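K.L.:
What would the 3D arrangement of this be:
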Amino acid sequence: MVPQTTNKRVLYKIGFITIILMLVFFILSRDILCKLGEFLILDQKLEKSDVVVVLNTDVEYYPRLIEAAAIYNKGVADKIVINGNRKTDILRNLESKGFELCCHWCENRLRILSLLGVPRDSVICISAEDAYDTISEANSVGKELVRMGYSRILITTSKYHTRRASLIWEKQFGENFSISTVSAKTDPYDPHGWWKEGRQLRWVMAEYGAWIYYWWKRSTDAEGGL
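P.N.:
Below you'll find the model as predicted:
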């Protein structure tokens, strides 16, 4: 019969080893989570540009406006470009019945920028009715910027959105513009603790989902072109 003290020692050892393994797993998993959070961010050096383009996905949008105003006030960009006026078939149907917005779609954004020291005549409003994601937004806004004759642009967006946005704009308009991407510094995204907050967890999951979709779409489009 095995002595009771021996059993206790074995249990203590097993418990101690289990705790050590859990701590190691936690440390390693936390490091991996941090790397996943950090990868999404691409914050490039501010360079003198014709315009700073504020991307619009309606998620944490105000920090992007604040960043654009700060860039403008530093004299880095001569103009700020905002876009919006998204429309669905349902909204178009309501408009056909007489519905009208109470004010111009960019009015509130112009007021915020004015509050931050940006005069209205320094803001370019681009209507992008059919933009529903980063790719279609880049297509709509980028074509208009090409038509306007700009050559150097700065893009500002949420921290977790910067790397993918930069890739998409470079792929679509790298031959037309010199493009730099900077994050909205007041954006609440924390790459070293995003998994602790529900909204940030959703941002990261959605962003990686968008990455997967982007590469899948590119691969299927390439196959279709063969």
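K.L.:
Low-confidence regions, this protein specifically.
P.N.:
Where the chain drops to pLDDT under 70, the residues are 1-12, 15-16, 18-28, 58-59, 222-226.
K.L.:
Can you tell me the centre-most residue of it?
P.N.:
His161 (2.2 Å; CA atoms, centre = their mean).
K.L.:
For stretch 176-184, which outside residues touch it?
P.N.:
Stretch 176-184 is contacted from outside by 41-47, 49, 60, 63-64, 66-67, 71, 142, 145-146, 150-159, 162-163, 165-166, 169-170, 173, using CB atoms under 8 Å, 6 or more residues apart in numbering. C-beta here means a position set from N, CA and C on the backbone, and glycine is covered the same way.
K.L.:
Show only the entries of the residues you listed found in helices.
P.N.:
63-64, 66-67, 71, 142, 145-146, 162-163, 165-166, 169-170, 173 (DSSP state H).
K.L.:
and the longest strand for the protein?
P.N.:
Longest strand in the chain by number of residues (criterion: DSSP state E): strand 77-84.
K.L.:
Can you name the next helix or strand after that strand?
P.N.:
Tracing the chain C-terminally past strand 77-84 and defining elements by DSSP states H and E, one meets helix 89-96 next.
K.L.:
And for that next one, what's in contact with it?
P.N.:
For helix 89-96, contacts defined as CB under 8 Å, 6+ apart pick out Lys87, Phe99.
K.L.:
what about that helix, distance to the chain center?
P.N.:
Distance of helix 89-96 from the chain centroid (CA atoms, centre = their mean, to the nearest Å) equals 29 Å.
K.L.:
and the end-to-end length of stretch 169-185?
P.N.:
Its first and final residues considered, stretch 169-185 spans 21 Å by CA to CA, to the nearest Å.
K.L.:
list the buried ones in the strand or helix carrying Ile179?
P.N.:
Per DSSP H and E: Ile179 is located in strand 178-183. Within strand 178-183, the residues scored as buried using 16 or more other CB atoms under 10 Å are Ile179, Ser180, Thr181, Val182, Ser183.
K.L.:
and the two most separated of these?
P.N.:
With CB to CB as the measure, no two of the buried residues of strand 178-183 lie farther apart than Ile179 and Ser183, at 14.5 Å.
K.L.:
What segments of the chain are strands?
P.N.:
With DSSP E as the criterion, the chain has strands spanning 49-54, 77-84, 123-127, 152-157, 178-183.
K.L.:
Rebuild those strands as a markdown table, extending it with distance to Phe99.
P.N.:
Output for those, formatted as a markdown table (distance: least, CB to CB, whole Å):
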| stretch | distance to Phe99 |
| --- | --- |
| strand 49-54 | 26 |
| strand 77-84 | 17 |
| strand 123-127 | 17 |
| strand 152-157 | 30 |
| strand 178-183 | 36 |
